[in-house]
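Engineer: make a model of this:
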Amino acid sequence: MVTSMGGGAFRDGTAVGVDIGGTGIKGAHVDLGAGRLVADRVRLRTPSPATPDATAGVVVAVLDQVGVGGPIGLTLPSVIRAGVVETAANIDPAWVGTNAAELFAHATGRAVAVVNDADAAGIAEMQFGAGRGQRGVVVVVTLGTGIGSALFSDGTLVPNSELGHLPLHHGDAEDWAAESIRERDNLSWKKYAQRLQEYLALLEKLLWPQLIIIGGGVSKKAEKFLPRIKLRTKVVPAQLQNNAGIVGAALFAPSLPTQSLAR
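Structural biologist: I've put the predicted structure just below:
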């Protein structure tokens, strides 16, 4: 089976997904037909500074622990065009202009595809989670170190939307309502919900989506803040929660013969 969303070719089988975040690099073997992890994920700390070579070294260590060969899909918290990193809001500035696909292919010796982290999480939620079968405009918002976004129209991804950088309170929205800001400022869930309300209301006014899906690690605690959000748009937590990025990354892994995916 092959379906297409935003240019990614999805298929049955398995692959490895690696999700590179601001604080952790997570990887796992993924069942592409079911959208679930085949085994427990491996997580190692993101290096500091998270330069391209240092990050590639940790990715290799994650893959060694995952212990599965074959192609890999990787995410980065950046705008990615044709494998090249265009922005570095939450990673080392040295990434800008780096051909990440070539870097990771050289470091791992594998076939590699690289995709924006929020786009990967959004693809997974649209294929297997809270957005499955949803038509019209859908926005997936990932709350973590920053705010990532994935924008869909009738199931088709509009890549690299970067809606976490919309202006809000004289700065980027993610500097006001990211999960890391809640932790940094020790905000109560009520106060955090108020901040998130402002951000989501801005998205609603700009895009008028049929559905907003809230992802990232904080989605595991959705009951603490989502009931306080009052919009005309339906807002729901992500179903794949913090594994969405890994699953979505694996969906983008280059196709290779089935035997190359064996242990």
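
Engineer: show me which positions of the longest helix seen in the chain end up buried.
Structural biologist: Across the chain, the longest stretch assigned as helix under DSSP state H is helix 189-207. Neighbour-count burial for helix 189-207 flags 189, 192, 193, 195, 196, 197, 199, 200, 202, 203, 204, 207 (criterion: 16 or more other C-beta atoms under 10 Å). In short, each C-beta sits where N, CA and C put it, glycine included.

Engineer: distance of the last one from residue 177?
Structural biologist: This means residue 207. Using C-beta to C-beta, to the nearest Å, residue 207 is found at 17 Å from residue 177.

Engineer: cool, and the fifth one?
Structural biologist: As for residue 196, its distance to residue 177 is 5 Å (criterion: C-beta to C-beta).

Engineer: which neighbours do these two share?
Structural biologist: Both residue 196 and residue 177 are contacted by residue 143, under the criterion C-beta atoms under 8 Å, 6 or more residues apart in numbering.

Engineer: hang on, the earlier thing: now for the buried residues of helix 189-207: which two are most distant?
Structural biologist: Greatest spacing in those, by C-beta to C-beta: 189 and 207 (25.7 Å).

Engineer: tell me the contacts of residue 209?
Structural biologist: Counted by C-beta under 8 Å, 6+ apart, residue 209 has contacts 136, 137, 138, 139, 203, 233.

Engineer: rewinding a little: gap between the helix or strand that the longest helix of the chain is followed by and the chain center?
Structural biologist: Once helix 189-207 ends, the next helix or strand along the chain (criterion: DSSP states H and E) is strand 211-215. Relative to the centre of its chain, strand 211-215 is centred 13 Å away, using C-alpha atoms, centre = their mean, to the nearest Å.

Engineer: okay, the angle between the helix or strand that contains residue 249 and strand 211-215?
Structural biologist: For residue 249, the host element (DSSP H and E) is helix 244-251. Counting by axes from the mean of the first three to the mean of the last three C-alpha atoms, to 10 degrees, helix 244-251 lies at 100 degrees to strand 211-215.

Engineer: so for helix 244-251, mean pLDDT?
Structural biologist: Averaging pLDDT along helix 244-251 gives 96.

Engineer: tell me which other helices or strands it touches.
Structural biologist: Where contact means 3 or more C-beta pairs under 8 Å, 6 or more residues apart in numbering; DSSP states H and E, helix 244-251 is packed against strand 14-20, strand 24-31, strand 36-37, strand 72-76, helix 117-128.

Engineer: got these as a markdown table, with mean pLDDT, mean neighbour count and distance to residue 66 columns?
Structural biologist: A markdown table is the format used below for the helices and strands packed on helix 244-251 (pLDDT from 0 to 100; neighbours: other C-beta atoms under 10 Å; distance: least, C-beta to C-beta, whole Å):
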| stretch | mean pLDDT | mean neighbour count | distance to residue 66 |
| --- | --- | --- | --- |
| strand 14-20 | 97 | 27 | 6 |
| strand 24-31 | 96 | 23 | 5 |
| strand 36-37 | 96 | 16 | 10 |
| strand 72-76 | 97 | 29 | 9 |
| helix 117-128 | 97 | 29 | 17 |
